[in-house]
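Asker: Provided below are the primary sequence and the corresponding predicted coordinates.
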Amino acid sequence: MKKSCELQVTQGQKICGKHEHKHLEDIQQLREKMDEETRSHLEIEYFLKQHQTELEEKLEFWMEKYDKDIDAKQHELTILKTAKANDLAHLQELANQVGSRFRP
């Protein structure tokens, strides 16, 4: 009876030892996966921050270009409006001169 109990205890210890070893291996694998996930996460985060910085710089460049282009076109428009007004005044002056020649 004693030997039977000792045998059962020994077998139970072996089974528990195998289960414990399996669980420790599982824990180690999970830790390795967590480390890999953490590294991946950090690499992705770095990439996204770098990409965001690049996009912000491009946005700033295009906003400045937009403002400069708008100012340049506004200046062009002002020049054209002034030239039109001058041309109309000159045309009116010429029309008056021609009209005064034909009046009795």
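Answerer: Noted; the coordinates are in hand.
Asker: Show me the helices in the protein, by range?
Answerer: Assigned by DSSP state H, the helices in the chain fall at 2-101.
Asker: Poorly predicted segments of it, please.
Answerer: Scanning the chain with the threshold set as pLDDT under 70 gives 102-104.
Asker: hmm, 80 instead?
Answerer: 99-104 (pLDDT under 80).
Asker: Roughly how far does Trp62 sit from Ala85?
Answerer: With distances taken as Cβ to Cβ, to the nearest Å, Trp62 is found 34 Å from Ala85. (Glycine included, C-beta is placed from N, CA and C.)
Asker: Check Thr38 too.
Answerer: On the measure of Cβ to Cβ, Thr38 and Ala85 end up 70 Å apart.
Asker: and what of His19?
Answerer: From His19 to Ala85 the distance is 96 Å (Cβ to Cβ).
Asker: what about Ser4, how many neighbours?
Answerer: 8 (other Cβ atoms under 10 Å).
Asker: same check, this time on Gln13
Answerer: 11.
Asker: Number the residues from 48 up from this point.
Answerer: Okay, using 48 as the starting number, the last item reads as Gln60.
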